[in-house]
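Participant: next come a sequence and a model predicted from it.
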Amino acid sequence: MKKIKEEPIVHLMYAAKNEKKNKVQLLILKKTYKIMAIIITDECINCGACEPECPNNAIYEGADAWRYSDGTALLGDATLAGGKKVNADAINEPVEEDYYFIVADKCTECMGFHQEPQCAAVCPVDCCVPDENIVETEEFLLEKKKILHKE
């Protein structure tokens, strides 16, 4: 399994110039980490090991239609983390036809459930990998979990 590298994103909350030393002093009040969403690559052998491990039911077999309400507390019109509005009961087209896929809007990378993404932990061919195109903070993933499970 590939280890997900967490790189710090520093949120600058306050900067003040020290007139005596003519330097800028920084006060960092908050530090988060960027975490990449998980995708399943085309190296997937369709073994299905990952699907039952997902606490958000975000993993589907290739060519399967899916709903936001599958395995979540979402029903009817819902607003996801980040403000996206969806009909949780609507049937959505498969993300992938030939192999298992992860619905990024439902994936929390197991944050709040486990210490690491369980799909990556159980995949026998290491095809559950970070998606460099989708970067989310731990805070955002936890908010996503909270909304998906009405906590």
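Facilitator: Right, received. Where do you want to start?

Participant: for residue 145, which three-state class applies?
Facilitator: Counting by DSSP: H, G, I helix; E, B strand; the rest coil, the backbone at residue 145 sits in helix.

Participant: that one and residue 107 touch, don't they?
Facilitator: No - with contact defined as C-beta atoms under 8 Å, residue 145 does not reach residue 107; the gap is 10.0 Å. C-beta here means a position set from N, CA and C on the backbone, and glycine is covered the same way.

Participant: give me the common contacts of those two.
Facilitator: Any residue near both residue 145 and residue 107 by C-beta atoms under 8 Å, 6 or more residues apart in numbering counts here, and that gives residue 56.

Participant: which one of these two has more residues nearby?
Facilitator: Neighbour totals were compared for residue 145 and residue 107, and residue 107 leads with 24 against 21 (other C-beta atoms under 10 Å).

Participant: mind checking pLDDT for the more buried one?
Facilitator: Turning to residue 107, the model gives it a pLDDT of 96.

Participant: again, but for residue 132
Facilitator: According to the predicted model, the pLDDT of residue 132 comes to 88.

Participant: give me every residue that touches it.
Facilitator: Contact partners of residue 132, counting by C-beta under 8 Å, 6+ apart, are residue 36.
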